[in-house]
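Trainee: Provided below for reference: sequence and predicted model.
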Amino acid sequence: MNEQNILESCLDALTQGATVASCQQRYPQLSEEAVSILQAAASLSAAQAQLSPTPEFKRRAHVNLMQRIAAEQRQSMATPAPVVAAPIPARQSWWQNLVAGFSSSKRSFQPIAAALAIVLTLALGSGMVSAAQKALPGSTLYSVKRLSEQTQGLLKQDDIFWHLDLAQKRLDEAGQLQEQGDHEAATAPLADYTETLHTVAELLQTIITQQQDIPQPQRIQQQVSDQVRQLSQLDGSDDSIQAAKAVLALLAHASSSSPETTPMIAPERTPVQIPLPQPTLPLPTVQPALVPTEMPITPDPTALPLPTNMPAMPTATPMPMQPTVPPTMPPASSPTQPPVSPTMPAMPTQAPMPTQMPVPTQAPPTQAPAPTPMPAPTQVPAPTAVPMPTQAPPAPPMSPPSMPSW
Amino acid sequence: MPDSAAAPQERTWVKQAQQGDAQAFSQLYNANVDAIYRYIAIRVPSQQHAEDLTEEVFWRAWKAISRYRPERPFLHWLYRIAHNLIINEGKRDARHQSYEVMAESGQVLQDEGPAPDSELFKQESIQQLRQALKTLTDDEQTLLTMRFFDNASYDDIALTLGKKPGALRVLQHRALKKLAIKLAPAGGLA
């Protein structure tokens, strides 16, 4: 074996955890130059372990990324685009494609899928949908159940309580499956539960980052605590418990870090004090008009720029938050925010007053926030032009690099 | 060492993300952010810039994910985006020059606050390595970081760099030799 081959062998060994010394011991004939090359390679391996992103950065970048994606998805939902945008595997059945369309909250295929799915749900009849609610993974009706959920999910993506209810369903399914002895089948709903709790955590994180009030934190805490207790009775639920405890930790953090005068976690409130849908976003306000592009929208120049404390992503239902708050809930006594009459409707055309100047983090530097250009009736004010309430500015504007296509 | 194709779980996430599932993409972020950060951080002088570029890599990945083909590891596709970003950034403005000025003056990836002695030694070592790496070509830097940070195979690196795998051994030898010469006075990290 010549020195080149030995060097190659040693370099391969280094990537597997070997050391320069062990190579020298094995191949004492290695030249000084070869050893220095090995040391250079070992330096790289050593540096790898020393370069790690901070948890704070990872968390912040994650939130920023999800916010940018959410903004893009809102824009995508509001903008007409070719149906071919969503790549759907051809081998899926038609209803699976439909479900995939629902999951595809980014693509412009979604509004069409949503409308179709509502028609489908109506066609199936409430009886079948109702019967499907008790279906477990593996049964035929389970697909109907998930389809029904995803139909609702399209309208309630930012509703924490909807996600918690969804998580509860997965938890109940896992429990029933384990009771039946099918522990393997129970892993799927448990994994879905974990994912759903991650979503809840991200929604909470977004609310905290935007310094908004967490709606009904005690109710969230109670629900999640109950779920933790339920999870502790199940096998293979460690990840799920961790996800649930992460939500509880977020709530505790928000509660402890909020000054009394301006609590980050809001007391239990009347429904109208929960952040209302952003009225300038072009989601339909009348169910089931789910094709927003057909709605003529008169942009209100005073509505932009939006306040940085932008409400959560709106849902398409006229009163999306009402079901989440019991009407018997007593209004909070807040000297600065007197409760508004519950009969007051959400005014879709009324823009919220900006409480502070937005800090544009996404907008191109040449784009002034106001006045906004008057879009054509079928056009929609692009949400990406709205400053996102990110904590840290994203990377400076860069010209697009060539994007790999493999 | 990553497989030459995306892992099953990763494939699922990719497939879901390609259908617009942000939560699936969130999983991909969590699984790959450390590696992408390291890949960038060894090549740019400031922590802030490494963070900005890392975030940008994932945003661009989301925008282009429909073009990803899962025959290769997702991480290596991200490497390629990062590689292009770093090159593009270097060419785009005069900041590339200022990086070297910053690097010379030691303003490199130093966290806030005083570092303990051992931490300082690590930072100095990293800084020496970064300065040495900067004398290499972009392809050489990518080759070495993929090879010794991620234990990537020559086939995967070849795909990222658009070169033939056979040529990479020669390129690696030349790059390591240059790196060894640059690191020799400092003794390297090993």
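Mentor: That came through, no problem. Residues are numbered from 1 along each chain as shown, chains lettered A, B, ... in the order given.
Trainee: only C-alpha atoms for contact and neighbour calcs from this point on.
Mentor: OK.
Trainee: which element follows the host helix or strand of A:Leu190 toward the C-terminus?
Mentor: A:Leu190 is part of helix A:183-209 when elements are defined by DSSP states H and E. Per DSSP H and E, the first helix or strand lying C-terminal to helix A:183-209 is helix A:217-231.
Trainee: tell me the angle the helix holding A:Leu190 makes with helix A:217-231.
Mentor: Per axes from the mean of the first three to the mean of the last three CA atoms, to 10 degrees, the angle that helix A:183-209 makes with helix A:217-231 is 160 degrees.
Trainee: for helix A:183-209, buried residues please.
Mentor: Within helix A:183-209, the residues that qualify as buried are A:183, A:185-187, A:189-209, counting by 16 or more other CA atoms under 10 Å in any protein chain shown.
Trainee: now stretch B:7-26
Mentor: Of the residues in stretch B:7-26, B:7, B:10-11, B:13-26 count as buried by neighbour count, 16+ other CA under 10 Å.
Trainee: low-scoring stretches of chain A, by residue?
Mentor: With pLDDT under 70 as the threshold, chain A has low-confidence stretches at A:79-129, A:257-406.
Trainee: now B:Leu183: closest residue in space, sequence neighbours ignored.
Mentor: B:Ala132 (6.5 Å; CA to CA, 6 or more residues apart in numbering or on different chains).
Trainee: residues of the helix or strand harbouring B:Leu75 that come out buried?
Mentor: Element membership for B:Leu75 (DSSP H and E) is helix B:74-92. Within helix B:74-92, the residues that count as buried by 16+ other CA under 10 Å are B:74-86, B:88-89.
Trainee: any idea how far the residue nearest to B:Ile181 when sequence neighbours are not counted is from B:Ala184?
Mentor: Spatial nearest neighbour of B:Ile181, excluding adjacent residues (CA to CA, 6+ apart): A:Ser36 at 8.0 Å. To B:Ala184, A:Ser36 is 7 Å away according to CA to CA, to the nearest Å.
Trainee: neighbour count winner among the two?
Mentor: A count of neighbours by other CA atoms under 10 Å in any protein chain shown puts A:Ser36 above the other of A:Ser36 and B:Ala184, at 21 against 14.
Trainee: so where do the helices sit in chain B?
Mentor: Taking DSSP state H as the criterion, chain B contains helices spanning B:8-18, B:22-41, B:47-64, B:74-92, B:95-105, B:117-134, B:138-149, B:154-161, B:165-183.
Trainee: which one of the ones you listed has the lowest average pLDDT?
Mentor: The stretch with the lowest mean pLDDT among the helices of chain B is helix B:95-105, at a mean of 45.
Trainee: check contacts around B:Leu179.
Mentor: Listed by CA atoms under 8 Å, 6 or more residues apart in numbering or on different chains, the contact partners of B:Leu179 are A:37, A:40, B:132-133, B:136.
Trainee: isn't the residue nearest to B:Ile181 right up against B:Lys182?
Mentor: No: judged on CA atoms under 8 Å, A:Ser36 makes no contact with B:Lys182 at a distance of 10.5 Å.
Trainee: and the contacts of B:Leu179 as a markdown table, adding neighbour count and distance to B:His173?
Mentor: Output for the contacts of B:Leu179, formatted as a markdown table (neighbours: other CA atoms under 10 Å in any protein chain shown; distance: CA to CA, whole Å):
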| residue | neighbour count | distance to B:His173 |
| --- | --- | --- |
| A:Ile37 | 26 | 8 |
| A:Ala40 | 29 | 11 |
| B:Ala132 | 19 | 15 |
| B:Leu133 | 25 | 14 |
| B:Leu136 | 17 | 12 |
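Trainee: Throw these into TSV and include distance to B:Tyr39, thanks.
Mentor: Putting the contacts of B:Leu179 into TSV (distance: CA to CA, whole Å) gives the following:
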residue	distance to B:Tyr39
A:Ile37	21
A:Ala40	17
B:Ala132	15
B:Leu133	12
B:Leu136	15
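Trainee: touching chain A at all, the helix holding B:Leu75?
Mentor: Yes: counting by CA under 8 Å from any CA of the partner chain, chain A has neighbours in helix B:74-92: B:77, B:80-81, B:84-85, B:88-89, B:92.
Trainee: with only the CA atoms kept, save stretch B:14-26 in PDB.
Mentor: The C-alpha trace of stretch B:14-26 is given here as PDB (Å, rounded to 0.1, in the frame of the first residue of the first chain):
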ATOM      1  CA  VAL B  14     -40.400  16.200   2.700                       C
ATOM      2  CA  LYS B  15     -43.500  14.800   0.900                       C
ATOM      3  CA  GLN B  16     -45.800  16.600   3.300                       C
ATOM      4  CA  ALA B  17     -43.800  19.800   3.100                       C
ATOM      5  CA  GLN B  18     -44.000  19.600  -0.700                       C
ATOM      6  CA  GLN B  19     -47.700  19.600  -0.300                       C
ATOM      7  CA  GLY B  20     -47.600  22.700   1.800                       C
ATOM      8  CA  ASP B  21     -47.400  21.300   5.300                       C
ATOM      9  CA  ALA B  22     -45.500  23.800   7.300                       C
ATOM     10  CA  GLN B  23     -45.400  21.500  10.300                       C
ATOM     11  CA  ALA B  24     -43.600  18.900   8.300                       C
ATOM     12  CA  PHE B  25     -41.100  21.500   7.200                       C
ATOM     13  CA  SER B  26     -40.700  22.500  10.800                       C
END
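Trainee: is any residue of that stretch near chain A?
Mentor: Yes: Stretch B:14-26 is in contact with chain A by CA under 8 Å from any CA, via B:16, B:18-23, B:26.
Trainee: follow-up on the earlier one: give me the angle between the helix holding A:Leu190 and helix B:22-41.
Mentor: Helix A:183-209 and helix B:22-41 meet at an angle of 70 degrees, taking the same axes, to 10 degrees as the criterion.
Trainee: which other helices and strands does the helix or strand encompassing A:Ser9 contact?
Mentor: Taking DSSP H and E as the criterion, A:Ser9 maps to helix A:3-15. Packing partners of helix A:3-15 (3 or more CA pairs under 8 Å, 6 or more residues apart in numbering or on different chains; DSSP states H and E): helix A:20-26, helix A:32-50.
Trainee: got those as CSV, with distance to A:Arg219 columns?
Mentor: Shown next, in CSV, are these (distance: least, CA to CA, whole Å):
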stretch, distance to A:Arg219
helix A:20-26, 59
helix A:32-50, 43
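Trainee: among these, which is nearest B:Ala50?
Mentor: B:Ala50 lies closest to helix A:32-50 among the helices and strands packed on helix A:3-15, at 14.2 Å (CA to CA).
Trainee: could you give me the buried positions within that closest one?
Mentor: For helix A:32-50, burial by neighbour count (16+ other CA under 10 Å) applies to A:34-48.
Trainee: so which of the contacts of B:Leu179 is the closest to A:Ser52?
Mentor: Using CA to CA, the contacts of B:Leu179 come closest to A:Ser52 at B:Leu133, 18.1 Å.
Trainee: just want the most central residue of chain B.
Mentor: Closest to where the C-alpha atoms of chain B average out (CA atoms, centre = their mean) is B:Tyr39, at 2.1 Å.
Trainee: quick one, what contacts it?
Mentor: By CA under 8 Å, 6+ apart, the residues touching B:Tyr39 are B:79, B:145-146, B:149.
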